[in-house]
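Chemist: The sequence and its predicted three-dimensional model are supplied below.
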Amino acid sequence: WGVPAPELEGVKGLTFWVWPESLWAPISFTKTYLENKGAGPETWKDWWCSPEAEVYQFIGEDNIYFYGLAQQALFMGLQGKNYTAHPGPGALKLSKLVVNNHILFMDKKASSSGAVKPPMADDLLNHYTADQLRAHFASLGLALRSVGFKPKPYNPTATARDGDPVLKEGNLLSNVLNRAVRSCFYLCQSRFNGIIPQGNISPEIKAECDTAILKYEAAMARQEFHEVMKILDDFIRGINKIWSKNTKEAMDTGNAGLEKQTLIDVFHMVKTSIVLMHSIAPVGTERVRDFLNMGQDLWSWNKIFEPLYVHMKDPISHKLKELPPRTDFFEKHPSQIQAGEQ
């Protein structure tokens, strides 16, 4: 059964078929998600039927030959006889397909209908935050190869002394980036009354941030998300190195000017980090934005190279929200804290 497929490269006798409702399932998901966020019932069209938007659809390698063909044909067919791959406003536009290999559960291919069943998302969220999972999955390089997913809570061979490989990228957030952001806030509160001091970003720091942005943008355009995570890892770890070196020197020498310049520079590096990390860890980065006392234009790519001052109505009087002691912007899951205490 199915539609007879033409002979191609010596392969013959095959048929082509697909579950048709799966072709519009992503649209149904978008519509439901937006309505749950309070958007109107037609808001989904702003994403799926607008030349100003782009839909990136992640799909498994074994499905690309079915859904990738049928969905595009269906969407173009709905335009009528004069169909095009680049329709105008109001018509369903073709999504950009991002093809992935398989996530192997404990090195075995798993599916909800097979013998090896992977944990569901709700189950995983009993052990990890969504930001931690998103960062880990982005790092796996599924475009290159199938990769094992080995969460420690589900690994029967893991011992109490074993680390959890799923937390490697999450620790970059909850440990390294947390420390960098908190350091800036606490120094700003204690020495500058919660107002970021005025001044120019050091040329070498500005160049380092600009380079990271351009590398990130290029890797995103190639959908090389593992490379994105490597760029972010290198950049974020560099923040704490600069902070530790310069603040120690400023303290040892009593150099107030160096202390002020370090705060200006590192706040710019923090801004760069959270904007680049926003799509991967939205919960934590939104918390930083809130304490910066800034609006949603902080995430504007049109201002990505600009300092934090451009997001302030009056930089001279703009005050950050008071950051309580030991505040975590990128929180660990409660189960991880309990495990650490034990």
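Modeler: Arrived safely.

Chemist: What segments of this structure are strands?
Modeler: Along the chain, counting by DSSP state E, strands occupy 3-4, 15-16, 56-60, 96-100, 103-105, 108-109, 147-149.

Chemist: Which of those has the lowest mean pLDDT?
Modeler: Looking at the strands of the chain, the lowest mean pLDDT belongs to strand 108-109 (a mean of 82).

Chemist: Give me the helices and strands touching that strand, please.
Modeler: On a contact count with 3 or more C-beta pairs under 8 Å, 6 or more residues apart in numbering; DSSP states H and E, strand 108-109 meets no helix or strand. The way it works is simple: take the backbone N, C-alpha and C, and place the C-beta from them, glycine included.

Chemist: Give the pairing partners of that strand; include direction for each.
Modeler: Counting by DSSP bridges, the strands paired with strand 108-109 are strand 103-105 (antiparallel).

Chemist: Pull out the buried positions in the strand it pairs with.
Modeler: 103-105 (16 or more other C-beta atoms under 10 Å).

Chemist: from memory G90 sits against E42, does it?
Modeler: No. Under the criterion of C-beta atoms under 8 Å, G90 makes no contact with E42, lying 11.0 Å away.

Chemist: mind putting the buried residues of strand 103-105 in TSV, distance to S146 included?
Modeler: TSV is the format used below for the buried residues of strand 103-105 (distance: C-beta to C-beta, whole Å):
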residue	distance to S146
I103	7
L104	6
F105	11
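
Chemist: Let me see the residues that make contact with stretch 134-152.
Modeler: 98-107, 109, 118-119, 124, 127-128, 158, 162-170, 172-173, 223-226, 228-230, 280-281 (C-beta atoms under 8 Å, 6 or more residues apart in numbering).

Chemist: Using PDB, write down the CA coordinates of stretch 224-242.
Modeler: What follows is stretch 224-242 as a C-alpha-only set of coordinates in PDB (Å, rounded to 0.1, in the frame of the first residue of the first chain):
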ATOM      1  CA  GLU A 224      26.200  23.300  14.400                       C
ATOM      2  CA  PHE A 225      24.800  23.500  17.900                       C
ATOM      3  CA  HIS A 226      27.700  21.500  19.500                       C
ATOM      4  CA  GLU A 227      30.100  24.200  18.100                       C
ATOM      5  CA  VAL A 228      27.800  26.900  19.600                       C
ATOM      6  CA  MET A 229      28.100  25.300  23.000                       C
ATOM      7  CA  LYS A 230      31.900  25.100  22.700                       C
ATOM      8  CA  ILE A 231      32.100  28.800  21.700                       C
ATOM      9  CA  LEU A 232      30.000  29.700  24.800                       C
ATOM     10  CA  ASP A 233      32.000  27.400  27.100                       C
ATOM     11  CA  ASP A 234      35.300  29.000  26.100                       C
ATOM     12  CA  PHE A 235      33.900  32.500  26.300                       C
ATOM     13  CA  ILE A 236      32.100  32.200  29.600                       C
ATOM     14  CA  ARG A 237      35.100  30.500  31.300                       C
ATOM     15  CA  GLY A 238      37.200  33.400  30.100                       C
ATOM     16  CA  ILE A 239      35.000  35.900  32.000                       C
ATOM     17  CA  ASN A 240      36.000  34.500  35.400                       C
ATOM     18  CA  LYS A 241      39.700  34.400  34.500                       C
ATOM     19  CA  ILE A 242      39.600  38.100  33.700                       C
END
